[in-house]
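K.L.:
Here's my sequence, what's the structure:
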Amino acid sequence: MTKADLPAVSAMLGRSFEDDPITLHLYRGGTDLVPRVGRVMGILAASHLKDGRTWVTADCSAVGVWAPPGHWKTPASLYLTHGVPMLRSIGFRNARHIGSLAAVEKLHPREPHHYLAILGADPSAQGKGYGSQLVRVVTDQADQELMPCYLESSKLANVPFYERHGFTVTREIHIAGEGPTIYAMWRDPRPPEA
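P.N.:
Numbering: from 1, shown residues only. Okay, the predicted model is just below:
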């Protein structure tokens, strides 16, 4: 993915995450949910461009945002440079719900791993195999490196998809304030067959 892809990817991520439990928790009420979610997801995706681990389909209908080992933490500089636009998108009255997500980062595994930060597909592109390709592009590499992978899913319906790719639920994280459950999922590397 390049910077030129960001407008299309941001719009797609807004549509992809419109019904996500975390989205519904953070963006309580208001209008124009899709563009608001897209702005925040686009900022998060852009923050990983320097890692060189963000892949997008040719038509920008699906994206996989991966962080390499040791780079999973959201940099403080992101909040300094984009904090106000993010708060405007979420809504200042909803800002208090952001703090409830801090528990997720505190429970993030510390051992080296590849981290799937965002996987999204436009609703019209779901079920076409793009998500699987965007997962395998890194899990295949991780297997060669004998490196584990990690992700969090806030949508229980997505858990079986990730299980098919070798991930296992290791913890359920319950977000305070009537928030959703986050499913922490770990994937041990699969050594190549001899």
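K.L.:
List the residues that contact D5.
P.N.:
Listed by C-beta atoms under 8 Å, 6 or more residues apart in numbering, the contact set of D5 reads 56, 60. (C-beta placed from N, C-alpha, C; glycine too.)
K.L.:
Find the nearest non-adjacent residue to F161, please.
P.N.:
Spatially, and ignoring its direct neighbours in sequence, F161 is nearest to G131 (6.8 Å; C-beta to C-beta, 6 or more residues apart in numbering).
K.L.:
And the pLDDT for the one you found?
P.N.:
The model reports G131 with a pLDDT of 96.
K.L.:
With H97 instead?
P.N.:
At H97, the pLDDT value in this model is 54.
K.L.:
Figure out the length between the terminal residues of stretch 116-129.
P.N.:
Criterion C-alpha to C-alpha, to the nearest Å; first-to-last residue distance in stretch 116-129 is 17 Å.
K.L.:
Make 19 the first number, not 1, from now on.
P.N.:
Happy to do that; since the first residue is 19 now, the last one works out to stretch 134-147.
K.L.:
now that stretch, how far from the centre of its chain.
P.N.:
How far stretch 134-147 lies from its chain's middle: 11 Å, per C-alpha atoms, centre = their mean, to the nearest Å.
K.L.:
Stretch 154-165 now?
P.N.:
That offset, for stretch 154-165, works out to 18 Å (C-alpha atoms, centre = their mean).
K.L.:
Just the buried positions in that stretch, please.
P.N.:
Under the neighbour-count criterion of 16 or more other C-beta atoms under 10 Å, stretch 154-165 has 156-157, 159-161, 165 buried.
K.L.:
And the contacts of stretch 161-171?
P.N.:
Here stretch 161-171 makes contact (C-beta under 8 Å, 6+ apart) with 87, 90, 122, 126-127, 129-134, 137, 156-157, 160, 177, 180, 185, 191, 200-210.
K.L.:
which residues of the chain fall in strands?
P.N.:
Listed in chain order, the strands of the chain (DSSP state E) span 72-74, 80-85, 132-139, 167-171, 186-192, 199-205.
K.L.:
Which one of those lies nearest to Y45?
P.N.:
Nearest to Y45, of all the strands of the chain, is strand 132-139, at 15.8 Å by C-beta to C-beta.
K.L.:
what about the helices in the chain?
P.N.:
24-34, 39-44, 51-64, 94-108, 120-124, 148-163, 177-182 (DSSP state H).
K.L.:
Those helices: lowest mean pLDDT?
P.N.:
Of all the helices of the chain, mean pLDDT reaches its minimum on helix 94-108 (a mean of 62).
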